[in-house]
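Q: test case, fold it:
(chains A and B)
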Amino acid sequence: MTATVRLPTIMRSNAGGQTEVTVEGATIGEVVDDLIRQFPGTATHLRAPDGGVHKFVNLYLNDEDVRYLQKLDTPVGEGDKISILPAVAGGA
Amino acid sequence: MPVVGSVLDLIGNTPMVDISALSPNPDVRIVAKLEGANPGGSVKDRAALYMINEAEQDGRLKPGQTILESSSGNTGIALAMIAKVKGYPFKVVLPENVSVERRQALEVWGAEIIDSPGSEGSNGAMRRAKAIVAEHPDWFFPYQYGNPANPRAHYEGTGPEIWRDCPEITHFIAGLGTAGTLMGTGRFLRERKPEVQIWAIEPPAGELVDGLKNIDEGFVPEVFEDNDGYELLDRRIIVRPRESIEWLRRMTEVGLFVGISSGAIMAGAAKCASEIERGVIVTIVCDGGWKYLSTEAWTLPIDEVVDRATRIIYF
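A: Coordinates of the predicted model:
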């Protein structure tokens, strides 16, 4: 599957300044692997020491947090949009 | 209504109104809880009052002691009002790019504003507040992101009120900031009615908010982790600025002039309504629209409003 990943500002310099990149993968986990394969510099922002994804990074498939879908096993469809956002303290 | 002795006694017990006229699905009711009816103007009155009362009771806060908090607006305004009524000096660390009315409201209550860089958002204001408090250990720091009194205000207030007024609830949808409203209300409702779905709506964060210097500075509030937020929530959805503003405007059709975050939450409720077959959704309207008039979110061409949303903190 080919999907697009929207990168947060902090990771764009690791991807030649691109805001959105094209990745391959059948699951969110595979998408993350492909992103890191294409742009190794993103690994420091994404990878937790246990090999998973850093807890301060939120991954969204078509605007849904994948933690409440099937986490890294969430299936990715053709043309899906994935967003990566750092966790922020909201709340007025 | 009986006459009360203090404006603080008017916090909570907010009204609920059926706004199903906005529901995209005729078999799904949508009911809004109007937190703007609190005397300080927002849902944050609840957490602020609980944090102050509990600190007074257990001796962490003594008469005349200075209170300092970080806030992008509503918690600061609520604490400023309560501090004024109770006679505490109050200081607030505020990102410099919040809407001007928030600053003005804080000034009404005599709060001292300490600016933090807008580019660092709410996380930056919180870090700054922690640093200041480290130098002033004699000040009281409520710390809304980690204070259990914050979710408790909703576990003992918002949750029971919804259960009393709308026991037919099937879905509870609220914004995710400190997580106080979602954790406290969600936990109460889940205990009473385990099948209730709890959905979190993420702020319509623009480039500004995701422009953190370092992803390691990302932050998950203790209120969220301490309440097993990952387990409690059923869904977590980002709502984009455009949808938020579209729904913000549509809410005026039912007479609701609300803050920008409530437009985002309503957009989430509409999405939920169109996905489920039938049900009763309860949403939170965090505050009224007054503090956001300067943003011209209701009147400017929508593209311009969306563009501004990347620079101004609306939550």
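Q: which stretches of chain B have low pLDDT?
A: Low-confidence segments of chain B, defined by pLDDT under 70, are located at B:203-218, B:310-315.
Q: break down it into its helices, ranges please.
A: With DSSP state H, the ranges of helices along chain B come out as B:44-57, B:74-86, B:100-108, B:121-135, B:149-153, B:159-165, B:180-192, B:222-226, B:229-232, B:241-250, B:260-275, B:302-309.
Q: now do the longest one against helix B:74-86, angle only.
A: Interaxial angle, helix B:260-275 versus helix B:74-86 (axes from the mean of the first three to the mean of the last three CA atoms, to 10 degrees): 130 degrees.
Q: what packs against helix B:260-275?
A: For helix B:260-275, the elements it packs on are strand B:28-34, strand B:171-175, strand B:197-202, helix B:241-250, strand B:279-285, judged by 3 or more CB pairs under 8 Å, 6 or more residues apart in numbering or on different chains; DSSP states H and E. Where you see a C-beta, it was placed from the backbone N, CA and C, and this is true even at glycine.
Q: each with direction, which strands does the last one pair with?
A: The strands that strand B:279-285 pairs with in its sheet are strand B:28-34 (parallel), strand B:171-175 (parallel) (by DSSP bridges).
Q: can I get it as PDB, trimmed to CA atoms?
A: The C-alpha coordinates for strand B:279-285 follow below in PDB (Å, rounded to 0.1, in the frame of the first residue of the first chain):
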ATOM      1  CA  GLY B 279     -27.500   6.700  20.400                       C
ATOM      2  CA  VAL B 280     -27.300   9.700  22.700                       C
ATOM      3  CA  ILE B 281     -24.100  11.800  22.500                       C
ATOM      4  CA  VAL B 282     -23.300  14.100  25.400                       C
ATOM      5  CA  THR B 283     -20.700  16.800  24.400                       C
ATOM      6  CA  ILE B 284     -19.100  19.500  26.500                       C
ATOM      7  CA  VAL B 285     -19.300  23.100  25.500                       C
END
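Q: what does it rub up against?
A: Defining contact as CB atoms under 8 Å, 6 or more residues apart in numbering or on different chains, one finds that strand B:279-285 is touched by B:16, B:23, B:27-36, B:43, B:158, B:162, B:166, B:168-175, B:181, B:256, B:258-259, B:262, B:265-266, B:268-269, B:272-273.
Q: buried subset of the residues you listed?
A: Among the contacts of strand B:279-285, those classed as buried by 16 or more other CB atoms under 10 Å in any protein chain shown are B:16, B:23, B:28-36, B:43, B:158, B:162, B:166, B:169-175, B:181, B:256, B:258-259, B:262, B:265-266, B:268-269, B:272-273.
Q: just put the strands paired with strand B:279-285 in TSV and tack on distance to A:Val5.
A: Listed next are the strands paired with strand B:279-285 as TSV, based on distance: least, CB to CB, whole Å:
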stretch	distance to A:Val5
strand B:28-34	33
strand B:171-175	25
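Q: for B:Arg278, find the nearest of those.
A: strand B:28-34 (6.0 Å; CB to CB).
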